[in-house]
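A.B. asks: heads up, no residue letters with this:
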């Protein structure tokens, strides 16, 4: 009989996806303070991958609040982490979000640069 228990490593990944997803949902609902609280909890975790995904969501949250400079700073920091870890999917997501942030700030040339690198 197979065990229905989820190994702790997989549970950690599942938890990071759920926490990041919850942060994004709260931000989409305009509940930015709650989103930031959930995402900052993820940033306190020792797992670098979880912190990286939290930074993506935190950057999206800041952009949703109209805080483009803060969003760009968060996303650039996260991109550097993803590059350091060699996490290509996260790098692409950070570059795409940086592109969307540049568009929102009216910087279409910069946006194009980010999108071409994604």
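C.D. replies: Nice, I can see it. Note that the structure is predicted; figures quoted are calculated from it, not measured. Residues are numbered from 1 along each chain as shown.

A.B. asks: tell me which element the closest residue to residue 100 other than its chain neighbours is part of?
C.D. replies: In space, and not counting its chain neighbours, residue 100 is closest to residue 63: 7.1 Å by CB to CB, 6 or more residues apart in numbering. No exception for glycine: its C-beta is placed from N, CA and C like everyone else's. Residue 63 is part of helix 48-64 when elements are defined by DSSP states H and E.

A.B. asks: ok, residue 45 to residue 38 distance?
C.D. replies: As for residue 45, its distance to residue 38 is 12 Å (criterion: CB to CB, to the nearest Å).

A.B. asks: those two: which is more packed in?
C.D. replies: Counted by other CB atoms under 10 Å, residue 45 and residue 38 do not tie: residue 38 has more neighbours, with 23 against 15.

A.B. asks: from what I can see that one touches residue 19, true?
C.D. replies: Yes. Assessed by CB atoms under 8 Å, residue 38 is found in contact with residue 19 at 6.1 Å.

A.B. asks: so which residue is smack in the middle of the chain?
C.D. replies: residue 56 (1.3 Å; CA atoms, centre = their mean).

A.B. asks: and that one, what is it in contact with?
C.D. replies: Going by CB atoms under 8 Å, 6 or more residues apart in numbering, residue 56 touches 20, 75, 78, 90, 93, 94, 97.

A.B. asks: quick one: which two of the residues you listed are the most distant?
C.D. replies: Largest separation among the contacts of residue 56 by CB to CB: 20 and 75, giving 14.4 Å.

A.B. asks: those two: who's more crowded?
C.D. replies: residue 75 (27 against 22).

A.B. asks: excluding chain neighbours, give the residue nearest to the more buried one in space.
C.D. replies: Among residues not flanking residue 75 along the chain, residue 59 sits closest, at 4.0 Å (CB to CB, 6+ apart).
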